[in-house]
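Undergrad: just a sequence and a predicted model for now, questions to come.
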Amino acid sequence: MIGPLATALIIGALVLAVLCVIVAIRDRPMGVVLLAGLGVLELALLAQAVIGIVKVIGGEGSGETATFVGYLLGSIVIPPVAAFWALGERTRWGPAVAAVACFAIPVMVGRLLQIWQGTP
């Protein structure tokens, strides 16, 4: 795992979550800015997944390979599903769904770091 990338993912996801909450409070539907943010978040998660899988194949990391790969793949699925759901819901609850998804990403990335370092 690359520490600075994980840190950037956590900070970026939290900033995007706050923006989503603000949009939801203002009773606005999902907009282009939030969609672009989810897209950038997804690209960063894909980069993390590729790097993580390459390092696991190279023999690095802890012994919990299946759990690690499961978290990597699970984190990749969240932003597209949230974007699809948020676009379908044209009320304030669309951005609220995206906010929940963005709050889930730092938790998953934090857990990935714990697994990578061998912390129970």
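TA: The structure has been received and is ready for your questions.
Undergrad: name all residues that make contact with Ala49.
TA: Residues near Ala49 by C-beta atoms under 8 Å, 6 or more residues apart in numbering: Leu72, Leu73, Ser75, Ile76. To be clear about C-beta, it is placed using only N, CA and C from the backbone, and glycine gets the same treatment.
Undergrad: quick check: what element follows the helix or strand hosting the last one along the chain?
TA: For Ile76, the enclosing helix or strand under DSSP states H and E is helix 65-88. Tracing the chain past helix 65-88, the next element assigned as helix or strand by DSSP H and E is helix 93-117.
Undergrad: residue most distant from the centroid, the chain?
TA: Relative to the centre of the chain, the most outlying C-alpha is that of Gly59, 24.8 Å out, by C-alpha atoms, centre = their mean.
Undergrad: what is the rounded mean pLDDT of the helix holding Ile76?
TA: Confidence over helix 65-88 (mean pLDDT, whole number) is 92.
Undergrad: now do Ala8 against Val40, distance only.
TA: Ala8 sits at a distance of 10 Å from Val40 (criterion: C-beta to C-beta, to the nearest Å).
Undergrad: how close does Gly70 sit to Ile76?
TA: When C-beta to C-beta is the yardstick, Gly70 and Ile76 sit 11 Å from each other.
Undergrad: swap in Ser62?
TA: Counting by C-beta to C-beta - Ser62 and Ile76 are separated by 20 Å.
Undergrad: for Gln117, same thing?
TA: 21 Å.
Undergrad: in terms of neighbours, single out the busier of those two.
TA: Set side by side, Gln117 and Ile76 show unequal neighbour counts under other C-beta atoms under 10 Å, the larger going to Ile76 at 15 against 10.
Undergrad: so what's the more buried one up against?
TA: Taking C-beta under 8 Å, 6+ apart, we find Ile76 in contact with Glu42, Leu45, Leu46, Ala49.
Undergrad: hmm, back to that, what separates the helix holding Ile76 from the chain centre, distance-wise?
TA: For helix 65-88, the gap between its own C-alpha mean and the chain's C-alpha mean amounts to 7 Å (C-alpha atoms, centre = their mean, to the nearest Å).
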